[in-house]
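K.L.:
pasting the structure only:
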């Protein structure tokens, strides 16, 4: 009896998950992602970015420090070219580095990482609360960020850029990225 109850619960959970994805696709969400606000498994404001079979992995890796100050604006970290032969693929872009932000004695300063797909900022992005990977002068830290998006057939370029942000204009920031990796995974 317990075995039947457990199997029935599992089947109900799978059906609920499938129904949610089907409704998302029917509602015009080509990714088929579902954010189940208030559920125990998916917190509010969390998006799923799921692909199919893994197609490619590309990476840029550097052990040479990249140093820049806040006056430099956005500095290109690296770029990866890729092709989607047909239909739509899902790409996931990950960036990680050892980081250090000198001159950030108080709050309101950070190293910001932006990832662009064909010149357009990828999600998640929020101009009010941007992706900050280092926010103080406590020493070297390991930080990273990930973005994901569906991409149509064609040739594409992903570019990662960094900037030292002095929100209040009260510091003279100097940023370092060392031992960094920029990776792109492509899924059907």
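P.N.:
Perfect, thanks for sending it. It should be emphasised that the depicted structure is a prediction, and the values quoted were computed from it without experimental measurement.

K.L.:
pull the longest strand from the protein.
P.N.:
strand 75-102 (DSSP state E).

K.L.:
got the buried residues for it?
P.N.:
75, 77-78, 80, 82, 84, 89-102 (16 or more other C-beta atoms under 10 Å). Placement of C-beta: from N, CA and C, glycine included.

K.L.:
Direction included, what does that strand pair up with?
P.N.:
strand 141-166 (antiparallel), strand 174-187 (antiparallel) (DSSP bridges).

K.L.:
Can you add mean neighbour count and mean pLDDT and give those strands back as CSV?
P.N.:
CSV is the format used below for the strands paired with strand 75-102 (neighbours: other C-beta atoms under 10 Å; pLDDT from 0 to 100):
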stretch, mean neighbour count, mean pLDDT
strand 141-166, 18, 92
strand 174-187, 19, 95
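
K.L.:
quick one, which of these is nearest to residue 56?
P.N.:
Counting by C-beta to C-beta, residue 56 lies closest to strand 174-187 out of these; the figure is 4.3 Å.

K.L.:
could the strands paired with strand 75-102 be laid out in CSV, adding distance to residue 54?
P.N.:
Putting those into CSV (distance: least, C-beta to C-beta, whole Å) gives the following:
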stretch, distance to residue 54
strand 141-166, 14
strand 174-187, 6
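
K.L.:
Among the ones you listed, which comes closest to residue 67?
P.N.:
Per C-beta to C-beta, nearest to residue 67 of these: strand 174-187, 5.2 Å.

K.L.:
quick one on the thing from earlier: of all the strands paired with strand 75-102, which one is nearest residue 63?
P.N.:
Short answer: strand 174-187, nearest of the strands paired with strand 75-102 by C-beta to C-beta, at 5.3 Å.

K.L.:
Confirm residue 124 sits in a helix?
P.N.:
No. Counting by DSSP: H, G, I helix; E, B strand; the rest coil, one finds residue 124 to be coil, located in no helix.

K.L.:
Next one: the residue found closest to it once you drop the neighbours it is linked to in the chain relative to residue 114, how far apart?
P.N.:
Ranked by C-beta to C-beta, 6 or more residues apart in numbering and with sequence neighbours excluded, the top spatial neighbour of residue 124 is residue 147, at 6.6 Å. Note on residue 147: its distance to residue 114, by C-beta to C-beta, to the nearest Å, is 9 Å.

K.L.:
ok, now residue 76?
P.N.:
10 Å.

K.L.:
what's the overlap in contacts for these two?
P.N.:
Contact criterion C-beta atoms under 8 Å, 6 or more residues apart in numbering; residues shared by residue 76 and residue 114: 160, 161.

K.L.:
who wins for proximity to residue 68 among the strands paired with strand 75-102?
P.N.:
Comparing the strands paired with strand 75-102 by C-beta to C-beta, strand 174-187 comes nearest, at 5.5 Å.
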